[in-house]
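J.: Predicted model follows, preceded by the sequence.
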Amino acid sequence: MSYNTKQQQAILRCLQQRPEQAFTAADLSVVLRRQGCAVGLATVYRQLDRLEQMGCVHKVATEEGALYQYCPHQESRQACFLLRCEGCGRILHLDCRHLQALSQHLTQAHGFYMDPRRTVLTGLCQACARERGEEAPHDPA
């Protein structure tokens, strides 16, 4: 097992242990250092890029910089969409047939090929919407 592979596994394990959290590369470097795994920031970036290419990690561009989060839907790479809450910043993974249908519609009717792994829908999570009094009626369809 090569040195890079050990570092990559440590980074992936760190993300898997916190699947609901999104991290900057610098945040991950600090967490890994606290766990006794000294990994340089350049190496963290390099390994995160490889993990993203493998479909293990999502990279989300924000105003503050890139955030990285473990992807629990690796088996259905084409079906994983991301929802980002403007209130709390949380990123949710979604494997939804309705969004798959939207993606197919965009392709067939408009000739646009959406990349679901890079598509981030922005709005409010249920908790933040409730907190702001903006909760819409739930449509079970």
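T.: Arrived safely, thanks for sending.
J.: What is the strand or helix carrying residue 43 packed up against?
T.: For residue 43, the host element (DSSP states H and E) is helix 41-54. When contacts are defined as 3 or more Cβ pairs under 8 Å, 6 or more residues apart in numbering; DSSP states H and E, helix 41-54 sits against helix 3-16, helix 25-34, strand 57-62, strand 65-70. Placement of C-beta: from N, CA and C, glycine included.
J.: surely residue 80 meets residue 57?
T.: No. Using Cβ atoms under 8 Å, residue 80 makes no contact with residue 57, being 11.4 Å away.
J.: what is in contact with those two at once?
T.: Common contacts of residue 80 and residue 57 (Cβ atoms under 8 Å, 6 or more residues apart in numbering): residue 71.
J.: quick one: the nearest residue to residue 69 once chain neighbours are set aside and residue 106, what's the gap?
T.: Closest residue to residue 69 apart from its sequence neighbours, by Cβ to Cβ, 6 or more residues apart in numbering: residue 22 at 4.2 Å. Between residue 22 and residue 106 the computed distance is 26 Å (Cβ to Cβ, to the nearest Å).
J.: give the contact list for residue 83.
T.: The contact partners of residue 83, by Cβ under 8 Å, 6+ apart, come to 91, 92, 94, 120, 121, 122, 123, 125.
J.: do residue 106 as well
T.: By Cβ under 8 Å, 6+ apart, the contact set of residue 106 is 112, 113, 114.
J.: I'd like the secondary structure assignment at the closest residue to the last one other than its chain neighbours, please.
T.: Counting by Cβ to Cβ, 6+ apart, residue 114 lies nearest to residue 103, which is 4.9 Å off, once chain neighbours are set aside. Taken by DSSP: H, G, I helix; E, B strand; the rest coil, the conformation at residue 103 corresponds to helix.
J.: Residue 103 touches residue 116, doesn't it?
T.: Yes. Assessed by Cβ under 8 Å, residue 103 is found in contact with residue 116 at 6.0 Å.
J.: And the contacts of the helix or strand bottoming out on mean pLDDT in the chain?
T.: Here the helix or strand of the chain ranked lowest by mean pLDDT, DSSP states H and E is strand 91-95, holding a mean of 82. Contacts with strand 91-95, where a contact means Cβ under 8 Å, 6+ apart, come from 22, 58, 60, 67, 69, 71-73, 76, 79-85, 120, 125.
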